[in-house]
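K.L.:
Sequence first, then the predicted structure, then my questions.
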Amino acid sequence: MQEENRQLLIKLAGLENEKMMSNSDNEDDSKRVRNLRRKGNKYKCSTGTLSSRHASSVFSASTSAYETTLTDITHYSCDLEEMKPKIINNNWEVIDERAESQNKHLYLSKIRNSVEELDVRDIFNMDQINSGALGKVYKCTHRKSQQILAIKLISLSSSKLLNVTYSEILACRLLRHQNIIQNYKQYIYEDYSSTNDYDSELPNYTLCLLMEYCEQGSLWDIRHKRQSKRLTEHEIAFVCREVLKGLEYIHSMGIIHRDIKAQNILLSNDGIVKIADFGSSSLHSRASLKLGTLYWMAPEVLHDQIYNSKVDIWSLGIMAIELIDGRPPWFPLGQRKVVELIRTVGTPPIPLNISLDFENFLRDCLKVNPVERPSATDLLSHHFIKEFSLAIEKLQL
């Protein structure tokens, strides 16, 4: 099955050089994560200290030899004891994330005490590859290992939700699964070269998240390279199956992603579909904060209701339509109109000329009542997904 998956993804990405695709199987690290959770108090975090040597631009070129290697943090987690009531026990208490966000100094302190100080010699060859409201992503080279990696930069001084940013750090450290982007290390530095216009009481700290680089880009990139040619149902079923595997794992940990869309689903060089960007994630099984990307938001979020992981299932359904049409439903209507449509109409128009199995899959994902909406585990047994899996098994024979 692994080889067939690789061949399908080669076709999906339009790769000409099949040698770029590795034959090695990615290890599912869920067992190691469970061990980490049981032994959490054995591991401690390093506390970063900031110094004036970063007065110059943090990413200026440096030719000095640097002896620190890239660290695997599979067994490295901060504040695991604090995470246990939220994740391990799957606490059903609804936390007011908006109220939490008001205590900026507390969460800035938590972030500083949970990450290391960035040494500017650690990375070089910075090349911006993505930009969003919460930060910028660069392709870079790790000096010692010479690995090509991705680094996400988040300005902490301008962030309105430092508590959510802190949740992203913890999620990056905890989650280990072949369908989730591999996060390696988190750093912080103070930028003395710019002024803080947002909050004069907060220093200009920038958070740096170092992660694996997926050269094939996102599903959004792949879809738009095809222009008017839609992905086949076979390809969409494969993508949805892999995303559902990742979501099943995330949800089992009590985490809600809150921003599933084609732009946040990446394709690795060895043909693995990976969920990325936990910048909107919640470490609580239930939440109420209106967060995510509007066109992919579930109705219960826009109705200011308490919601759970089923919002990710709605977003998956919208993403599947996005892979067909090249854009989400209601695009490019203005925000106010889109909010009204999602609140009142609910389930968007289903694309024409698709199979009955695919239509049923979309309607299940896009049920307005989240109680009726299936879970990731349920959808992995959906006829649309199972038929795809059977087709792969037949190909193997």
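P.N.:
Structure received.
K.L.:
Just list what the helix or strand hosting residue 112 packs against, helices and strands only.
P.N.:
Assessed by DSSP states H and E, residue 112 sits inside helix 104-114. With contacts taken as 3 or more Cβ pairs under 8 Å, 6 or more residues apart in numbering; DSSP states H and E, helix 104-114 sits against helix 162-174, strand 183-190, strand 205-212. Where you see a C-beta, it was placed from the backbone N, CA and C, and this is true even at glycine.
K.L.:
same thing but at 7 Å, please
P.N.:
helix 162-174 (3 or more Cβ pairs under 7 Å, 6 or more residues apart in numbering; DSSP states H and E).
K.L.:
what angle sits between the helix it packs on and strand 205-212?
P.N.:
30 degrees (axes from the mean of the first three to the mean of the last three Cα atoms, to 10 degrees).
K.L.:
got the CA positions of the helix holding residue 112 in PDB?
P.N.:
Extracted C-alpha coordinates of helix 104-114, given in PDB (Å, rounded to 0.1, in the frame of the first residue of the first chain):
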ATOM      1  CA  LYS A 104      -0.200  38.900  28.100                       C
ATOM      2  CA  HIS A 105       2.700  39.100  30.500                       C
ATOM      3  CA  LEU A 106       1.800  35.800  32.000                       C
ATOM      4  CA  TYR A 107       1.800  34.000  28.700                       C
ATOM      5  CA  LEU A 108       4.900  35.900  27.400                       C
ATOM      6  CA  SER A 109       6.700  34.600  30.500                       C
ATOM      7  CA  LYS A 110       5.400  31.100  29.900                       C
ATOM      8  CA  ILE A 111       6.700  31.200  26.300                       C
ATOM      9  CA  ARG A 112      10.100  32.600  27.300                       C
ATOM     10  CA  ASN A 113      10.500  29.900  30.000                       C
ATOM     11  CA  SER A 114       9.600  27.100  27.700                       C
END
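K.L.:
Pull out the buried positions in that helix.
P.N.:
Residues 104, 107, 108, 110, 111, 112, 114 are the ones in helix 104-114 that count as buried (16 or more other Cβ atoms under 10 Å).
K.L.:
So the third one versus residue 335, what's the distance?
P.N.:
Spelled out, it's residue 108. 30 Å (Cβ to Cβ, to the nearest Å).
K.L.:
sorry, back to before: name the nearest of the buried residues of helix 104-114 relative to residue 172.
P.N.:
When the buried residues of helix 104-114 are ranked by distance to residue 172 (Cβ to Cβ), residue 114 comes first, at 10.8 Å.
K.L.:
And for residue 387, the neighbour number?
P.N.:
By other Cβ atoms under 10 Å, the residues close to residue 387 number 15.
K.L.:
An error on my part: the question was meant for residue 356.
P.N.:
9.
K.L.:
for stretch 118-127, what is the average pLDDT?
P.N.:
Across stretch 118-127, pLDDT averages out at 78.
K.L.:
sorry, that was for stretch 154-173
P.N.:
The average pLDDT for stretch 154-173 rounds to 86.
K.L.:
list the buried ones in it?
P.N.:
154-157, 159, 161-173.
K.L.:
Next secondary structure after the helix or strand harbouring residue 224?
P.N.:
Assessed by DSSP H and E, residue 224 sits inside helix 219-225. Later in the chain than helix 219-225, the nearest helix or strand by DSSP H and E is helix 233-252.
K.L.:
between that next one and helix 162-174, how many degrees?
P.N.:
Interaxial angle of helix 233-252 relative to helix 162-174 (the same axes, to 10 degrees): 100 degrees.
K.L.:
And helix 233-252, what does it pack against?
P.N.:
Helix 233-252 packs on helix 2-13, strand 273-275, helix 310-325, helix 376-379, helix 383-396, going by 3+ Cβ pairs under 7 Å, 6+ apart.
K.L.:
returning to that earlier point: now do the helix holding residue 224, average pLDDT.
P.N.:
Mean per-residue pLDDT for helix 219-225: 90.
K.L.:
May I have it exported as PDB, CA atoms only?
P.N.:
Output of helix 219-225 as PDB, limited to C-alpha atoms (Å, rounded to 0.1, in the frame of the first residue of the first chain):
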ATOM      1  CA  LEU A 219      -2.600  21.100  -1.500                       C
ATOM      2  CA  TRP A 220      -3.600  24.600  -2.400                       C
ATOM      3  CA  ASP A 221      -0.400  24.900  -4.400                       C
ATOM      4  CA  ILE A 222      -1.000  21.600  -6.100                       C
ATOM      5  CA  ARG A 223      -4.600  22.400  -6.900                       C
ATOM      6  CA  HIS A 224      -3.800  25.800  -8.400                       C
ATOM      7  CA  LYS A 225      -1.000  24.400 -10.600                       C
END
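K.L.:
Buried residues in that helix, which are they?
P.N.:
Here helix 219-225 shows 219, 220, 221, 222, 223 as buried, counting by 16+ other Cβ under 10 Å.
K.L.:
Stretch 262-282 now?
P.N.:
Buried, per 16+ other Cβ under 10 Å, within stretch 262-282: 262-282.
K.L.:
Just the CA trace of it, in CSV.
P.N.:
Only the C-alpha atoms of stretch 262-282 are listed here, as CSV (Å, rounded to 0.1, in the frame of the first residue of the first chain):
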residue,chain,number,x,y,z
ALA,A,262,-5.9,23.1,1.6
GLN,A,263,-3.2,25.7,2.4
ASN,A,264,-2.5,24.0,5.8
ILE,A,265,-2.2,20.5,4.3
LEU,A,266,1.3,19.8,3.0
LEU,A,267,2.9,17.1,0.9
SER,A,268,6.3,15.7,1.8
ASN,A,269,8.9,14.5,-0.6
ASP,A,270,8.1,10.9,0.2
GLY,A,271,4.5,11.3,-0.6
ILE,A,272,3.0,11.7,2.9
VAL,A,273,0.1,14.1,3.4
LYS,A,274,0.7,16.2,6.6
ILE,A,275,-1.4,18.5,8.6
ALA,A,276,0.5,21.8,9.4
ASP,A,277,0.0,25.1,11.2
PHE,A,278,-1.3,24.7,14.7
GLY,A,279,-1.4,28.5,15.2
SER,A,280,-5.2,28.4,15.8
SER,A,281,-5.3,25.2,17.8
SER,A,282,-7.0,24.6,21.1
